[in-house]
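> curious how this folds, go ahead:
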Amino acid sequence: MTSKLEGKVALITGSGRGIGRSIALKLASEGARIVVNDLDAEPAQEAVQAIREAGGQAVACIGNVTAPDFAERFVATAVNEYKGLDIIVNNAGYTWDNVIQKMTDEQWYAMLDCHLTAPFRILRAAQPVIRALAKAEGEAGQRVMRKVVNISSVAGLFGNAGQANYSTAKAGIVGLTQTLAKEWGRMNVTVNCVAYGFIKTRLTGSAADGGTARIDGRDIKVGVNPDLMAAMERSIPLGRGGTPDEAAGAVYLLCIPESDYVSGQTLMCSGGLTGI
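Sure, this is the predicted structure:
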């Protein structure tokens, strides 16, 4: 039995850790060749090594997705290493919360830059490559389907107190998804979105641990108040937060051939949670 993504080339941002790493491993297990990205070299190379040890193919493209030159470098890595581009997953992200009256311009723009501008730049950089590939395939009488999966959040669909910046960016990515589904359909590209609920990663662990993440030269406090975390889990119909592997499964569904006629959609991966 052949793998569903055999030979496909997949770009996945933020794939050295957490949900992104699980997405990379899942797509690689089905035959996709992966371009792994992370802010830091060590987790990116560890993800690449894990894929290779499992018999897959992967290379790393280290860097911050918000850097002005990142998108072109990311796309070029796929083309130079694997001579193709089939799947793009815009996953990289983090949160930097505050109520609106205390939120700085820096916090506001940091979320928009990471969650909305970076995906826009990557997709803009990818368009000429995809257009050329689709044209050549059309002239050869072939139809090859390609996939874009953008990552949103239930916060982007319903809002969340203390996250005006993050919620706005995640709402914006839904609009970008729906627009590109209309623009790119003629190139045989489906463009969809996955909106996550509460997924257990290092960024959503207990705030009691006092953890921080070094992002763009800033030490950002990560984690959720334990009491709030417990309340959130009780509000989820399945009674628990999701795992990174479960989160990866939702992206996988939108990358396989069975979803070739699904486009412009937002799939909630939230354990049944329909609001915050």
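
> need the next SSE after the one helix or strand N80 maps to, C-terminal direction.
Using DSSP states H and E, N80 sits in helix 70-82. Proceeding C-terminally, helix 70-82 gives way to strand 87-90 as the next helix or strand, assigned by DSSP H and E.

> tell me the strands beside that following strand, with direction?
strand 9-12 (parallel), strand 146-153 (parallel) (DSSP bridges).

> list the beta-bridge partners for K221.
Note on K221: beta-bridge partners T212, judged by DSSP bridges.

> now for it, how many residues are close by?
Neighbour count for K221, taken as other C-beta atoms under 10 Å: 12. Every residue, glycine included, has its C-beta placed from N, CA and C.

> how much space separates it from N98?
Spatial separation of K221 from N98 under the definition C-beta to C-beta, to the nearest Å is 11 Å.

> could you do I173 as well?
Shown here: I173 relative to N98, a distance of 21 Å by C-beta to C-beta.

> more neighbours, those two?
The residue with the greater number of neighbours, taking I173 and N98 and applying other C-beta under 10 Å, is I173; the counts read 23 against 14.

> low pLDDT regions in the stretch 151-276 of the chain?
Scanning the stretch 151-276 of the chain with the threshold set as pLDDT under 70 gives 204-212, 222-225, 276.

> again, only using 80
In the predicted model, the stretch 151-276 of the chain carries pLDDT under 80 at residues 202-231, 275-276.

> can I get stretch 168-186 in CSV, CA atoms only?
Coordinates of each C-alpha in stretch 168-186 appear next as CSV, following Å, rounded to 0.1, in the frame of the first residue of the first chain:
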residue,chain,number,x,y,z
THR,A,168,-7.4,39.6,15.7
ALA,A,169,-4.5,37.9,14.0
LYS,A,170,-6.2,34.5,14.1
ALA,A,171,-9.4,36.0,12.7
GLY,A,172,-7.4,37.6,9.9
ILE,A,173,-5.9,34.2,8.9
VAL,A,174,-9.4,32.9,8.3
GLY,A,175,-10.0,35.7,5.9
LEU,A,176,-6.7,35.1,4.1
THR,A,177,-7.6,31.5,3.8
GLN,A,178,-11.0,32.1,2.3
THR,A,179,-9.5,34.7,-0.2
LEU,A,180,-6.7,32.4,-1.4
ALA,A,181,-9.1,29.5,-1.8
LYS,A,182,-10.8,31.7,-4.4
GLU,A,183,-7.5,33.0,-6.0
TRP,A,184,-5.6,29.7,-6.1
GLY,A,185,-8.4,27.2,-7.0
ARG,A,186,-7.5,27.6,-10.7
